[in-house]
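Q: here is a sequence together with a model predicted from it:
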Amino acid sequence: MNGGAVAAEAARRRTFAVISHPDAGKSTMTEALALHASAITQAGAVHGKAGRRGVTSDWMEIERARGISITSAALRFTYRDHVFNLVDTPGHADFSEDTYRVLAAVDCAIMLIDAAKGMEPQTMKLFEVCRHRRIPVITFVNKWDRPGREPLELLDEIEERTGLRPTPLTWPVGAAGHFHGVVERLTGRIVRYERTPGGATKAVETELSPQQAAAELGEDYARAREELDLLEAIGADHDQKTFEEHETTPVLFGAALPNFGVATLLNVMVDLAPPPAPRPDVTGARRPLDAPFSGLVFKVQANMDPAHRDRIAFVRVCSGRFVRGMVLTHAATGRPFATKYAQQVFGQDRATIDEAYPGDVVGLVNAAALRPGDTLYEQQPVTFPPIPSFAPEHFAVARVADTGKAKQFRRGIDQLDAEGVIQVLRSDLRGDQAPVLAAVGPMQFEVVQHRLAAEFGARITLDRLPYTLARRTDAAAEKVMARQRGAEVLRRSDGTLLALFTDRWRMATIQRENPDLTLEPLIADT
Ligand code: GDP
């Protein structure tokens, strides 16, 4: 296959994530998008939420018990001759580190906002990641079929909270809860939505003339027209360049449950969302899309399915054509990596994947050596920049409950460390039997505890440490900090030295007394 063909395949890929606060409708939207694109035939086949048909991996009892999604994988479907890769993000704030890695794999994000609630804390946290990575964001105001806020007020809030200028592509006719349809701002088309009896996969959309709209939708249409004039006057128009540069966000109004606006969202993804672009390597040089294969490992997950007991590395293809069976090089070790078992995974559904192009997500089975952030390549060596890890804010000493299981404990900790489930910190003082686990959210501890017991037979005790703050530091700090209360230096398994403090004031005092001390902020440390 020649380079032009790879570039053409890349051009028809759309790789994206839906980011939202829990309950804003991410699962409903995921289903609606896939159903509309006819990828799956029955509602509920995508996500494993209670009451829906589908998918929970057995080991994820925590996930089930709490009704949250911890696993991430990618759903693939085609629409208008384009291949969509929807990469799933964990919904809970405690797993934002995972989200960060997942978002390293996408080219665009859909920010889902609940019409009644506006920007919520988790929406903001996820959005911060998009800002950091400069991922273009399309905003979808969801649940317009239910009472909610004023549309202009929501636009203000988006701008205030995100710094992105909202550029509505559609405008609702009817206040939230009285949703008749939308006006498409680019074309001027007026589209009326009606529910399909029986809640099928498509809403009925009828185009109305302005005269019909005025006659049938009266006040609501007149109001929409006024608001549209206002938007016109302030120049809130879509601009492709500022959208791609993360300065503006196109906004759509709709409702995922009755499928209002879902087709428009798919069309917008095809027409406006950026396709895969050449990705910069560690030197800043961009790997052309038609260069030999390269891919970025963005997630590693072990034991996704107890029947398989395997370990899957999710790889985003960055350049070239992936063909199952090809032997790649693992950039971190220089070792060959065979890809005989390549899969597409979403929840429990798996299918063998035989070829893939830039933007696609491939699950590689038996990927014991791969870590999140690793590069795989064919022929021409390349290394993509590592995915930075989050600043942990919760710390606990882990000890095995039954000393007879010390070996299993060590193996388990190493495994979860490699997967990036938790950060593992050590020091000579604390010894190897009692590593410090460092988490962004405390629920990560639960996952570690659960998985060590369930998968490695090692029950553990956790003693929380009083630290809340971590900074990158150097060897000189170890000596200084050894004499301090409320602080400690530990070495993370990637070699980074982290200085931990009970709080900001303690850190400020120590820094004041030791002005030469190196203390650098870590990612998301705001
Ligand atoms: P997630 O937690 O973000 O995945 O949210 P879900 O997709 O599970 O949705 C949360 C709840 O909101 C569910 O009861 C959905 O049926 C409901 N929901 C989602 N989208 C809409 C919508 O557009 N309109 C209405 N009325 N309900 C919705």
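A: Perfect, thanks for sending it. The model shown is predicted, which means the values in this text are computed figures rather than measured ones.
Q: contacts, neighbours, all on C-alpha from now
A: Fine.
Q: so which residues on the protein come close to the ligand?
A: Applying C-alpha under 6 Å from any ligand atom, we find that the chain lies next to the ligand at 22-28, 142-143, 145-146, 255-257.
Q: can you list those in JSON lines and add distance to residue 125, pLDDT and secondary structure?
A: Formatted as JSON lines, those follow (distance: C-alpha to C-alpha, whole Å; pLDDT from 0 to 100; DSSP: H, G, I helix; E, B strand; the rest coil):
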{"residue": "22", "distance to residue 125": "12", "pLDDT": "86", "secondary structure": "coil"}
{"residue": "23", "distance to residue 125": "15", "pLDDT": "91", "secondary structure": "coil"}
{"residue": "24", "distance to residue 125": "14", "pLDDT": "94", "secondary structure": "coil"}
{"residue": "25", "distance to residue 125": "17", "pLDDT": "93", "secondary structure": "coil"}
{"residue": "26", "distance to residue 125": "16", "pLDDT": "90", "secondary structure": "helix"}
{"residue": "27", "distance to residue 125": "19", "pLDDT": "87", "secondary structure": "helix"}
{"residue": "28", "distance to residue 125": "21", "pLDDT": "90", "secondary structure": "helix"}
{"residue": "142", "distance to residue 125": "19", "pLDDT": "98", "secondary structure": "strand"}
{"residue": "143", "distance to residue 125": "21", "pLDDT": "98", "secondary structure": "coil"}
{"residue": "145", "distance to residue 125": "26", "pLDDT": "96", "secondary structure": "coil"}
{"residue": "146", "distance to residue 125": "25", "pLDDT": "97", "secondary structure": "coil"}
{"residue": "255", "distance to residue 125": "23", "pLDDT": "96", "secondary structure": "strand"}
{"residue": "256", "distance to residue 125": "22", "pLDDT": "94", "secondary structure": "coil"}
{"residue": "257", "distance to residue 125": "25", "pLDDT": "92", "secondary structure": "coil"}
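Q: what sits against the nearest residue to residue 370 once chain neighbours are set aside?
A: Computed as C-alpha to C-alpha, 6 or more residues apart in numbering, the closest residue to residue 370 that is not its neighbour in sequence is residue 313, at 6.7 Å. Counting by C-alpha atoms under 8 Å, 6 or more residues apart in numbering, residue 313 touches 297-301, 363-365, 367, 370-372.
Q: where do the strands sit along the stretch 201-350 of the chain?
A: Counting by DSSP state E, counting those that start in this stretch, one finds strands in the stretch 201-350 of the chain at the ranges 204-208, 248-253, 279-280, 286-287, 294-302, 311-319, 322-323, 327-330, 335-338, 342-346, 349-352.
Q: adding mean pLDDT, write those out as a markdown table.
A: Listed next are those as a markdown table, based on pLDDT from 0 to 100:
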| stretch | mean pLDDT |
| --- | --- |
| strand 204-208 | 92 |
| strand 248-253 | 98 |
| strand 279-280 | 96 |
| strand 286-287 | 97 |
| strand 294-302 | 89 |
| strand 311-319 | 90 |
| strand 322-323 | 92 |
| strand 327-330 | 95 |
| strand 335-338 | 91 |
| strand 342-346 | 65 |
| strand 349-352 | 64 |
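Q: which one of those strands lies closest to residue 100?
A: Evaluated over the strands of the stretch 201-350 of the chain, closeness to residue 100 peaks at strand 294-302, with 9.1 Å, by C-alpha to C-alpha.
Q: residue 336 and residue 327 touch, don't they?
A: Yes: proximity of residue 336 to residue 327 meets the contact threshold set by C-alpha atoms under 8 Å, at 6.4 Å.
Q: quick revisit: which one of the strands of the stretch 201-350 of the chain lies nearest to residue 432?
A: strand 294-302 (23.4 Å).
Q: export the closest one to CSV, keeping only CA atoms.
A: Output in CSV follows, covering the C-alpha atoms of strand 294-302 (Å, rounded to 0.1, in the frame of the first residue of the first chain):
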residue,chain,number,x,y,z
SER,A,294,4.1,3.9,14.8
GLY,A,295,1.7,3.8,17.7
LEU,A,296,1.3,5.1,21.2
VAL,A,297,0.3,2.9,24.1
PHE,A,298,-2.3,4.9,26.1
LYS,A,299,-3.7,2.3,28.3
VAL,A,300,-2.8,-1.0,29.7
GLN,A,301,-5.3,-3.2,31.4
ALA,A,302,-4.8,-6.6,32.9
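Q: go ahead and name everything in contact with it.
A: Residues contacting strand 294-302 (C-alpha under 8 Å, 6+ apart): 71-72, 98, 101-102, 104-105, 309-320, 370-378, 382, 384, 418-420.
Q: got the phi/psi numbers for whichever residue of the stretch 351-500 of the chain sits closest to the ligand?
A: Relative to the ligand, the nearest point of the stretch 351-500 of the chain is residue 443 (17.3 Å; C-alpha to the nearest ligand atom). Taking degrees, to the nearest 10, you get phi -70, psi -20 for the backbone angles of residue 443.
Q: so what's the residue count around the residue lying closest to it once chain neighbours are set aside?
A: Sequence neighbours aside, residue 94 is the residue nearest to residue 443 in space, at 5.9 Å (criterion: C-alpha to C-alpha, 6+ apart). By other C-alpha atoms under 10 Å, the residues close to residue 94 number 18.
Q: tell me which helix or strand in the protein has the weakest average pLDDT.
A: helix 61-66 (a mean of 44; mean pLDDT, DSSP states H and E).
Q: immediately after that helix, which helix or strand?
A: Toward the C-terminus, helix 61-66 is succeeded by strand 74-79 as the next helix or strand (DSSP states H and E).
Q: right, and the helix or strand after that following strand?
A: For strand 74-79, the following helix or strand on the C-terminal side (DSSP H and E) is strand 82-87.
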